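**Q** Everything below, folded, please.
(one chain, ligands or ions: 2)
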Amino acid sequence: MGARQNRRECISRPQEPVFANEVAGEIAFGCENYGYSHEDIQSHVHRAAADIKIQDILDHSLHSLSYGMRQKVAIASAEAIDPEIYVMDEPSANLDIASTYRFADIIRDLKQQGKTIIIAEHRLYYLMDLADRFLCVQKGKIVREFTAQQMKALSNQEIRALGLRTPDLHQIEQAEILSAATSEVVLEVKKLNHSFGETIVAKDIDFQCRKGEVVALIGPNGTGKSTIGRILAGLLKEKSGEVVLFGKYCRPKDRLGKVWYIPQDLDSQLFGEDLLDELTTGAEVSPERKKAAEEILEALELMPFVKQHPSTLSGGQKQRLALGVALMHEAPIIVLDEPTSGLDGTNMRNVSRMIRKLAKMGRTIIVITHDAECALACCERAIRLENGYITDDFQIRGAELLLEKIGYDQKEG
Ligand SMILES: Nc1ncnc2c1ncn2[C@@H]1O[C@H](COP(=O)(O)OP(=O)(O)O)[C@@H](O)[C@H]1O
Ligand SMILES: [Mg+2]
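**A** Ligands and ions are numbered 1, 2, ... in the order given. Sure, this is the predicted structure:
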């Protein structure tokens, strides 16, 4: 909430900008804070909304909006007070690729107006034609500085050594995945239907997953991926259809614990006193269990923070911790919702390795993601959802088809 107290010269927005229920109120917030007159607030809000092209959602509630729309509202609320400098904290973390490119267009407009823009970011591909300089920060120091030209010239090895993500998604090398999938079907979804009012999320959806399989669930923001994840885990009841686990029809409450869902919003999920407690909670802590938890924390590079309260971790550290909780848990089927959205290259690769390890142990994993680098590092198959239907279901072989289905080339179109 510190963003609200920012001085006019420099506006910083947190990653998830949800402060008020109504879009107009949210955009007006900064102006109100600076004591603008009622008329000025009105005109600034309407100008900012027009600049960002969100005039028609001014009376909507923020919670009804997709992440991409929320991002636009956040930018409009900064723009309303016309700062000279914008500081943005991982603005693309929750955006699909199409929304990321629309966001890049907004940044381009601000740049053309002569604004200074600082973006803390892991995803580099959308900034290649936009940013003038790339500063690589490690342990509180700027260790390297690149132009876009120099960034593009880096080899895959150099990118890995710097712990970065790729500047060019077409350059991603697909990991050599040795499928751990057996022939046993452990999850079967039959004619699944779900909707929220008029919003249709699933329309007679059918699919199956096998033991040891790692499946990417892709599709645009707001299409229903998280909802389906929650339904599979029994956290939400489907309108109709069947979820069959290990050959047996299961009602939602029978699915709890068999399908483990790790949500996008982790703050509501982490309850432990410290990291070890988070991993061992709910059961008697035997020396073996403690050792297993420590090994997992070590592998996830979380041991330096072991005594900290989970709420004090960064977004990326929380994502790794939540994966650690899943590793400790016995559930045979795990649904990870955007597990790498806030992760740098090194941690995205670590998490992908962990996912492969889980598969090798016989777990079935559904990775909800629009992170092509993650999908290419650990998933063998992709299911794409849109408007309530499965539009594609394919084996991932190389980057090109996956990038096309995720929407990477929409900027050219
Ligand atoms: N609890 C809810 N009440 C009403 N609408 C919802 C609720 N949860 C999700 N939705 C709507 O359902 C659609 C799918 O949402 P979601 O599953 O979060 O999509 P995705 O994960 O693919 O981005 C969106 O239009 C969203 O606004
Ligand atoms: Mg989602």
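
**Q** And the residue nearest the centre of the chain?
**A** Centroid-nearest residue in the chain: Ser341, 3.3 Å away (criterion: CA atoms, centre = their mean).

**Q** tell me the secondary structure for that residue?
**A** At Ser341, secondary structure determined by DSSP: H, G, I helix; E, B strand; the rest coil is coil.

**Q** Can you verify my assumption that it contacts Gln319?
**A** Yes. Assessed by CB atoms under 8 Å, Ser341 is found in contact with Gln319 at 7.4 Å. Glycine gets a C-beta too; all of them are placed from N, C-alpha and C.

**Q** measure the residue nearest to the centre of the chain to Gln138 for me?
**A** 21 Å (CB to CB, to the nearest Å).

**Q** same deal with Phe207?
**A** Phe207 is 42 Å from Gln138, by CB to CB.

**Q** of the two, who's got more company?
**A** Phe207 (18 against 10; other CB atoms under 10 Å).

**Q** Quick check: which element contains that one?
**A** Taking DSSP states H and E as the definition, Phe207 sits inside strand 199-210.

**Q** ok, and what's touching that strand?
**A** 181-195, 215, 223-224, 227-228, 231, 238, 241, 333, 364, 366, 383, 385, 387-390, 393 (CB atoms under 8 Å, 6 or more residues apart in numbering).

**Q** Quick one: name the residues of the chain near ligand 1.
**A** 64, 196, 199, 201, 219, 221-227 (CB under 6 Å from any ligand atom).

**Q** got those residues as TSV, with distance to Arg133 columns?
**A** Shown next, in TSV, are the residues of the chain next to ligand 1 (distance: CB to CB, whole Å):
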residue	distance to Arg133
Ser64	38
Phe196	44
Thr199	42
Val201	42
Gly219	34
Asn221	29
Gly222	34
Thr223	36
Gly224	39
Lys225	35
Ser226	36
Thr227	40
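
**Q** From the residues you listed, list just the buried residues.
**A** Buried positions within the residues of the chain next to ligand 1, assessed by neighbour count (16 or more other CB atoms under 10 Å), are 201, 219, 221-227.

**Q** Next up, the contacts around the nearest residue to Asp344 once chain neighbours are set aside.
**A** Sequence neighbours aside, His122 is the residue nearest to Asp344 in space, at 5.0 Å (criterion: CB to CB, 6 or more residues apart in numbering). Neighbouring residues of His122 by CB under 8 Å, 6+ apart: 90, 93, 164-165, 342-345, 348.

**Q** quick one: the residue in the stretch 1-150 of the chain that ligand 1 sits nearest to from Val23, how far?
**A** Closest residue of the stretch 1-150 of the chain to ligand 1, CB to the nearest ligand atom: Ser64 (5.9 Å). As judged by CB to CB, Ser64 and Val23 stand 10 Å apart.

**Q** what do you get for Gly362?
**A** Computed as CB to CB, the Gly362 to Val23 distance reads 47 Å.

**Q** So those two - more neighbours on which side?
**A** Neighbours per residue, other CB under 10 Å: of Gly362 and Val23, the larger number sits with Val23, 26 against 14.

**Q** Would you confirm that the more buried one contacts His60?
**A** Yes. Between Val23 and His60 there is a contact at 5.3 Å, judged by CB under 8 Å.

**Q** Show me the helices in the stretch 51-200 of the chain, by range?
**A** Remark: helices assigned in the stretch 51-200 of the chain by DSSP state H, counting those that start in this stretch are 67-79, 97-112, 148-153, 156-161.

**Q** Including mean neighbour count and mean pLDDT, could these go into CSV?
**A** Shown next, in CSV, are the helices of the stretch 51-200 of the chain (neighbours: other CB atoms under 10 Å; pLDDT from 0 to 100):
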stretch, mean neighbour count, mean pLDDT
helix 67-79, 24, 85
helix 97-112, 17, 90
helix 148-153, 14, 91
helix 156-161, 12, 90
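
**Q** Any chance of those helices in CSV with distance to Leu169 as columns?
**A** Converted to CSV, the helices of the stretch 51-200 of the chain look like this (distance: least, CB to CB, whole Å):
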stretch, distance to Leu169
helix 67-79, 19
helix 97-112, 9
helix 148-153, 12
helix 156-161, 12
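
**Q** Out of the residues of the chain next to ligand 1, name the two that are farthest from one another.
**A** Ser64 and Gly219 (18.9 Å; CB to CB).

**Q** Looks like Gly342 contacts Asp89 (just checking).
**A** No. Under the criterion of CB under 8 Å, Gly342 is not in contact with Asp89, lying 9.9 Å apart.

**Q** More neighbours: which of the two?
**A** Gly342 (23 against 18).

**Q** what about Arg381, how many neighbours?
**A** Around Arg381 there are 19 residues (other CB under 10 Å).

**Q** May I have the beta-bridge partners of it?
**A** Arg381 forms beta bridges with Val215, Gln395, as assigned by DSSP bridges.

**Q** show me the contacts for it.
**A** Neighbour list for Arg381: 213-216, 393-396 [criterion: CB under 8 Å, 6+ apart].

**Q** Who wins on neighbours among those residues?
**A** Result: Val214 is most packed of these (other CB under 10 Å), 28 neighbours.

**Q** So that one sits against Ile365, correct?
**A** Yes. The criterion here is CB under 8 Å, and Val214 meets it with Ile365 at 4.7 Å.

**Q** Which residues are in contact with each of the two?
**A** Shared contacts of Val214 and Ile365, counting by CB under 8 Å, 6+ apart, come down to 355, 359.

**Q** for the strand holding Phe207, what is the average pLDDT?
**A** Average pLDDT, strand 199-210: 96.

**Q** just stretch 326-345 next, same as before
**A** The average pLDDT within stretch 326-345 is 88.

**Q** Between the two ends of that stretch, how far is it?
**A** 21 Å (CA to CA, to the nearest Å).

**Q** what comes up buried for stretch 123-134?
**A** Quick answer for stretch 123-134 (16+ other CB under 10 Å): 123-127, 131, 134.
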